[in-house]
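> Curious how this folds, go ahead:
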Amino acid sequence: MAESEALVAAQYSPIEEDTNTNEDTSMPEAQNPSDGSKSDSDSESDSESDSDSEDEVQAKAQIEALQTELSNNPSNYDTHVQYIKILRKQGDIEKLRQARETMSSLFPLSPEMWQEWAKDETTMSSGVEGVPAVEKLYERGVSDYLSVSLWCDYLNFIQEYDPSVRECSAVGIKKARNLFERALTSGGVHVAEGHRIWDLYREFEEAIFVTIAETDSGAKEKQIQHIRSLFHRQLSIPLANLKSSLLAYKAWEADHGGPNDVNSSELDGLSSHAASVYQKALEMYNARAQFEESISKKDVDSEKLLEFMTYLKFEHSFGDPARIQILYERAIANFPISSDLWLDYTQYLDKTFKTARIVRDAYYRATRNCPWVGELWVRYLLSLERSGGSEEELSTVFEKSLLCTFSSFDEYLNIFLTRVDGLRRRLSASTKVGEGMDYAVIRDIFQRASDYLSPHLSNTDSLLGMHSYWAHLEFKLGKDLIAARGVWESFIKISGSMLEAWRGYIAWEIEMGKINEARSLYKRCYSKRFPGTGSEDICYSWVRFEREYGSLEDYDFAVKKVAPRLQELQLFRLQQESKNVVPVTNERENPTRKNAQEKRKTTPNSTDEQSPAKRQKNTPEKLKKTNKKDKGKGRLSAEASDAAQLDKNRAESGSSKETRDKSSKISAPFNDQCTAFISNLNFQATNDDLINFFSDVGGVVAIRILKDKFTKKSRGLAYVDFSDDAHLSAALQKNKQVYLGKRLSILKSDPKQGSRKNAPGGSIRSSEQHGNDAKRTNNPEKTESQETSKGKSESEPQSSSARHEEDIKLKGRNTFAVPRNVKLRGKPQSEGGAAKEHEDENPKSNDEFRKMFVKE
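Okay, here's the model as predicted:
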């Protein structure tokens, strides 16, 4: 109970220099014990007790609700703040300390929160024993953000509560001066507020001067020189109250027997050195005064950040590292979650500062403020490696990074590869000096990366590059060729429909000098289906490989295998082109048959599709006039077949056109011209939650929360349509704000650019779609057989020769479509003749085909 009363009295502590009182954090007044006089009536006491009990019940309910919310979502920053405020108001000391420690472990605290915490602990501490604990709190606070007010509180606390400093002992003076110098390094060149630290430093030194005995003239003169040096240092820095500091200096010199007169002109009586540095500092301040004024007047965050960036550009032109660093710190204190600002700041420190501690501390703070930026974690790992960080420290940072949520899976991959790079360099260096380091650590990281990223990055170049790197290290550092091949084989299972995967595998075998293994890979993949012209490319690549590395027998074998495969692919492409070109041409030439075409939509497969070779031979211009009877029969057969084919193509064209029209009508309302794309959304968020979030913006027209097509659960992504660009711009200003425990990413939706490579969801969708396309492409005979069987059930029976001529089926293995392979009627064949006929795979001409039916 004594601690609670002391915490309540902290608000009225006389040591506070800056009273940053807040209504939300105000604490109830302590109940003083009665002195025996009971002037209040019993009725007033009862009413007050009832009111207090109601407030306690309400506060208890709020605390329980906040505890429940934090247990469900520990990363909710605003909930932590509210929880600490209500506990401080209630005076619950132990819970308050625990809540502050928990929040500090997850987030950097603001300077105001550190000030409240330190002052509360100062009031509750008993005597000298509590001073070190409060000092640690101040040290933690000044390391999070730059705050001149927090430094001033820290310095005042040391002077008042540290006995050695208060008594001006030699040890205390040394400790205080070291702390003052640290404060000057941190915020002494702060243009607007840096003079406060200088003034406190001078006051401390003047207090020491008073304690020196009058008889000790040497010590007094030494202290006077020390104070004069402080004045000169302050006058050489462009600070806001530079003229006031000059007047104070002249008054001090007059008090200590100096020649200066306070009422004289500005530079009269100053030494040449002091006048020179003051004049230069004044010119520097005048050049920066406009930037300081612009920053102080801007109330909108985006405008203020823009002014800071302009100010930084100005300071970069002068190239003073101290001034540039402190300006970055000032900007970060105002915009702690600006990822671009942290990236610029850390990049500048990497290039400029050689002190490893400064750079490492900056990256530590950057990753605490913006843990969702993968590039910051990558640079952090590299910075630790440059500064000679231990393996334990590197491993800790790497594991922390994997617990964060990034906007794309490529960021995770970049972190994995950065960690592997560092281990590879360490392993190579340790091998040179004879130190042992196990390659199994690298293998384990590669395996973790593959297990996590393969479902989302299948058939991508980034995943191919990772596995190629993995196989290279397995052979070079692991000295295991079989394990390296196992890496490639596992990747082929994941992305076997990717041409680059096979090419990479083959190129690696060639690099290893394993020509026979590379040849076996060509034999495995040349008959596979690849997107675009990949199937042809792999065939040509095999022939070129045998020309460069194989024998004549190997070359002939490759040509023998590749030639029918290329012919098969050529026929298939001709067939696909005829499906796309013929219906369009016929529809343009015969627009009057549109109604008849629509009537035949119910039975589009009334006639099987003809092969390109037969359509070409049945063209009237190329028919040969051998005899009138055969000519008439051929013409009738061709015309009937062409008519059926034309009807079928028209029906399919009309059906596809109707489908396109329907899809275009459905998607017409959402053109994404005035739409915000939201990611990292809470999975439990609803449309009403988003409406409440944008209630201050207004103009919301429609909301679309993307859901998984199987589980029907939210994917954490949403589109919000606004009525105009003004409301959309206002909504974009809320980017990186925390809502429902998630830090939202709000960007303008670009309808011209897909989201496949910017978000994990897009990568998953693209990979699934590609996998489905690959399945359909690799198994075309299933689709064609289904269409053929459907056509058989709906159309009249056809002859086996017609089906054989018109159906061209592509299989995984080598096949060759042989039209008009018909047995002679009425003439049995011997086994040799049958074998000869089976080997004959050349198409028959019209004359040869007719002669087969003529009796000899």
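
> So, low pLDDT: which residues of the stretch 351-500 of the chain?
The stretch 351-500 of the chain contains residues with pLDDT under 70 at 431-437.

> likewise the chain?
Those would be 1-52, 257-269, 431-437, 581-672, 751-856, if you go by pLDDT under 70 across the chain.

> At which residues are the strands of it located?
675-679, 700-707, 714-722, 738-739, 742-743, 745-748 (DSSP state E).

> Looking at those strands, which is nearest to Arg448?
For the strands of the chain, proximity to Arg448 was assessed by C-beta to C-beta; strand 714-722 is nearest, at 23.3 Å. For glycine as for every other residue, the C-beta is placed from the backbone atoms N, C-alpha and C.

> and that closest one with strand 675-679, angle?
Inter-element angle recorded for strand 714-722 and strand 675-679: 160 degrees (by axes from the mean of the first three to the mean of the last three C-alpha atoms, to 10 degrees).

> Let's see strand 714-722 as PDB, backbone CA atoms only.
Provided in PDB are the C-alpha atoms of strand 714-722 (Å, rounded to 0.1, in the frame of the first residue of the first chain):
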ATOM      1  CA  SER A 714     -10.500 -14.700 -45.300                       C
ATOM      2  CA  ARG A 715      -7.100 -14.500 -46.800                       C
ATOM      3  CA  GLY A 716      -6.200 -11.200 -45.200                       C
ATOM      4  CA  LEU A 717      -6.600  -9.200 -48.400                       C
ATOM      5  CA  ALA A 718      -9.400  -6.800 -49.400                       C
ATOM      6  CA  TYR A 719     -10.300  -4.300 -52.100                       C
ATOM      7  CA  VAL A 720     -12.200  -1.100 -51.000                       C
ATOM      8  CA  ASP A 721     -13.800   1.000 -53.800                       C
ATOM      9  CA  PHE A 722     -14.100   4.800 -53.100                       C
END
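
> Which neighbouring elements make contact with that strand?
Contacts defined by 3 or more C-beta pairs under 8 Å, 6 or more residues apart in numbering; DSSP states H and E place strand 714-722 against strand 675-679, strand 700-707, helix 725-732, helix 760-778.

> Need the contact partners of the first one.
Strand 675-679 has contacts (C-beta atoms under 8 Å, 6 or more residues apart in numbering) with 407, 690, 716-722, 728, 731-732, 744-749, 755, 759.

> Take that strand, keep the C-alpha atoms, and write them as CSV.
Extracted in CSV, the C-alpha atoms of strand 675-679 (Å, rounded to 0.1, in the frame of the first residue of the first chain):
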residue,chain,number,x,y,z
THR,A,675,-9.8,1.3,-55.4
ALA,A,676,-7.5,0.7,-52.4
PHE,A,677,-5.8,-2.7,-52.0
ILE,A,678,-5.4,-3.7,-48.3
SER,A,679,-3.0,-6.5,-47.2
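
> Identify each buried residue in stretch 208-223, please.
If you call a residue buried by 16 or more other C-beta atoms under 10 Å, then stretch 208-223 has these buried ones: 208-209, 212, 223.

> Where helices are concerned, which of those count?
Taking DSSP state H, the ones among the buried residues of stretch 208-223 that sit in helices are 208-209, 223.

> With respect to Ser104, which of these is nearest?
For these, the nearest to Ser104 is Ile208 (35.4 Å; C-beta to C-beta).

> Quick check: closest non-adjacent residue to that closest one.
Here the nearest residue to Ile208 in space, its sequence neighbours aside, is Cys168; by C-beta to C-beta, 6 or more residues apart in numbering that works out to 5.6 Å.

> cool, Asn369 as well?
Pro336 (4.8 Å).

> any idea how far that neighbour lies from Gln58?
Distance of Pro336 to Gln58, computed by C-beta to C-beta, to the nearest Å: 33 Å.

> For the two, work out which one has more neighbours and name it.
Pro336 (19 against 10; other C-beta atoms under 10 Å).

> what separates that one from Ser126, distance-wise?
Applying C-beta to C-beta to Pro336 and Ser126 gives a distance of 35 Å.

> try Ala731
53 Å.

> which of the two has more neighbours?
Ala731 (23 against 9).

> ok, Thr405 touching Val373?
No. Under the criterion of C-beta atoms under 8 Å, Thr405 is not in contact with Val373, lying 10.8 Å apart.

> ok, now which ones touch the residue nearest to Asn369?
So Pro336 contacts 108, 145, 369 (C-beta under 8 Å, 6+ apart).

> Report the contact partners of the nearest residue to Asn334 once chain neighbours are set aside.
The spatial neighbour of Asn334 that comes closest, neighbours along the chain excluded (C-beta to C-beta, 6+ apart), is Lys304 at 6.7 Å. Residues in contact with Lys304 (C-beta under 8 Å, 6+ apart) are 295, 298, 334-335.

> which of those lies closest to Val277?
Ile295 (25.7 Å).

> ok, and the closest non-adjacent residue to that closest one?
Glu307 (5.0 Å).

> how deep is the one you found tucked in, by neighbour count?
Using other C-beta under 10 Å, Glu307 has 19 neighbouring residues.

> how close does it sit to Val191?
13 Å.

> Ok, Leu571 next?
78 Å.

> higher neighbour count, the two?
Taking neighbours as other C-beta under 10 Å, Leu571 and Val191 compare with Val191 leading, 23 against 17.
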